[in-house]
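Student: below is the sequence, then the predicted model.
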Amino acid sequence: MSLIRREADVALRPHNNPAEGLVGRRVGRMQFEAYAARSLVERMGPGATLADFPWLHSDERSDGRWLDDWLARNAPGARVSLRSDDFAVRRHALSAGMGVTFLACFDGDADPGLVRVGARHSEEARDLWVLTLPELRNNRRIRAFMDHVHDAFKPHQRILEGSA
């Protein structure tokens, strides 16, 4: 949903630098890691490197340059087995053992069929923000909701950070 197009009054966004023209509060820091299905890790064997695994990637409609750059640095020569702009498709393919992709730790760690692959990738963390438009920031209803979201995330910081 777009705040700018007024499709919503408040949004949660994972980004280290919120979009210009939006105001809000940081509610946590989300860690992302590379995950694979246990079955894929077993098939690949204990000596498999990140470059040996097939990868799941966004297609040209999404901005996947960050993953291209990451793969070039951390898994040179890795092949992409699936491209889709739909996160749900990539998530299902991940669970089915079709490849490796990055997930928020709160999602990947909660799925007993998935395991983290490779070393910890702390550079992939993103701040999580609750945001609104500047003209709505003093609206009592919006402010109360944003305060509630901020407070509701406090006890879950370790899960967001992937250290729970």
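Tutor: Perfect, I can see it now. Small disclaimer: the values here were computed from a predicted structure and weren't measured. Residues are numbered from 1 along each chain as shown.
Student: buried residues, stretch 148-162. List them.
Tutor: In terms of neighbour count (16 or more other Cβ atoms under 10 Å), stretch 148-162 has its buried residues at 149-150, 153, 159-162. Where C-beta positions appear, they are placed from N, C-alpha and C, glycine not excepted.
Student: give me the contacts around the helix-or-strand element of the chain with minimal mean pLDDT.
Tutor: In the chain, the helix or strand scored least confidently by mean pLDDT, DSSP states H and E is helix 65-74, which has a mean of 85. With contacts defined as Cβ atoms under 8 Å, 6 or more residues apart in numbering, helix 65-74 is touched by 50, 55, 57-58, 78, 102, 118, 121, 124.
Student: among the residues you listed, which are in strands?
Tutor: Using DSSP state E, the subset of these located in strands is 55, 57, 102.
Student: any idea how far residue 32 is from the last one?
Tutor: Distance, residue 102 to residue 32, using Cβ to Cβ, to the nearest Å: 5 Å.
Student: and what of residue 47?
Tutor: For residue 47 relative to residue 32 (Cβ to Cβ), the value is 25 Å.
Student: centre of the chain to the helix or strand hosting residue 129, how far?
Tutor: According to DSSP states H and E, residue 129 maps onto strand 126-132. Strand 126-132 sits 13 Å away from the centroid of its parent chain (Cα atoms, centre = their mean, to the nearest Å).
Student: buried residues of it, list them for me.
Tutor: Neighbour-count burial for strand 126-132 flags 126, 128-132 (criterion: 16+ other Cβ under 10 Å).
Student: same deal with stretch 17-36?
Tutor: 18, 22, 24, 27-28, 30-36.
Student: ends of it, how far apart?
Tutor: Using Cα to Cα, to the nearest Å, the end-to-end distance of stretch 17-36 comes out at 29 Å.
Student: before we move on, what about stretch 145-164?
Tutor: So stretch 145-164: terminal residues 26 Å apart, Cα to Cα.
Student: low-confidence ranges, the chain, go.
Tutor: Low-confidence segments of the chain (pLDDT under 70): 61-64, 121-122.
Student: apply 80 and report the result again.
Tutor: 1, 59-66, 119-124, 164 (pLDDT under 80).
Student: what's the single longest helix in it?
Tutor: For the chain, the longest helix by residue count, based on DSSP state H, is helix 140-153.
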